[in-house]
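> Need a 3D model of the following:
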Amino acid sequence: MTEFQLAAALEQDCFVLGDLPLCRVLLMNDSQYPWFILVPRRAEIQELFQMNSSDQREFMRESSWFGERIMQHFNGDKLNVAALGNMVPQLHVHHVVRFQTDPAWPKPVWGASPAVAYTSDQADELIATVRAWLDGYSL
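The predicted structure is shown next:
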């Protein structure tokens, strides 16, 4: 079996924050939205149904746990969770905290406006916060 390798496009567009038991956690480099991506560390998986039932359950636990953390931290109005995969076929699930005041509201964030990269200080602070959550992960 092939080893897990993060898709090049995700590596290029995101900061790697760390790992949960199943998923690699990424931060999209777009400061307009708190936008995270969970990528199950399984090779050659494009759809949730391709994972075994144990991994599917673990994914739901991790997604729910992480979603709750980011909604509490950012005090968002809505959490968008989506797996598209049209451009990057590797299974990756977006977790985007939305606000009624964000640039794309109420439409999807994809293609709404060009990305605005985090400053070094912004990225460092957010990365440290999320890494602390990941270090303390438990259910």
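
> do you know how far the residue sitting nearest the centre point of the chain is from Glu11?
Centroid-nearest residue in the chain: Ile37, 1.5 Å away (criterion: C-alpha atoms, centre = their mean). Relative to Glu11, Ile37 is positioned 11 Å away (C-beta to C-beta, to the nearest Å). All C-beta spots, glycine's among them, are computed from the backbone N, C-alpha and C.

> By residue count, what's the longest helix in this structure?
Using DSSP state H to define each element, the chain has its longest helix at helix 53-74.

> Show me what secondary structure element comes after it.
Toward the C-terminal end, the helix or strand that comes next after helix 53-74 (DSSP states H and E) is strand 78-82.

> so how far is that following strand from its chain's centroid?
10 Å (C-alpha atoms, centre = their mean, to the nearest Å).

> Tell me the helices and strands packed up against that strand.
Here strand 78-82 touches helix 53-74, strand 93-98, going by 3 or more C-beta pairs under 8 Å, 6 or more residues apart in numbering; DSSP states H and E.

> which outside residues touch the last one?
The reference is to strand 93-98. 28, 33-39, 48, 59, 63, 66-67, 70-71, 74, 76-84, 105, 109 (C-beta atoms under 8 Å, 6 or more residues apart in numbering).

> Just the buried ones out of those residues, please.
Taking 16 or more other C-beta atoms under 10 Å as the criterion, what is buried in these is 28, 33-39, 59, 63, 66-67, 70-71, 76, 79-80, 109.
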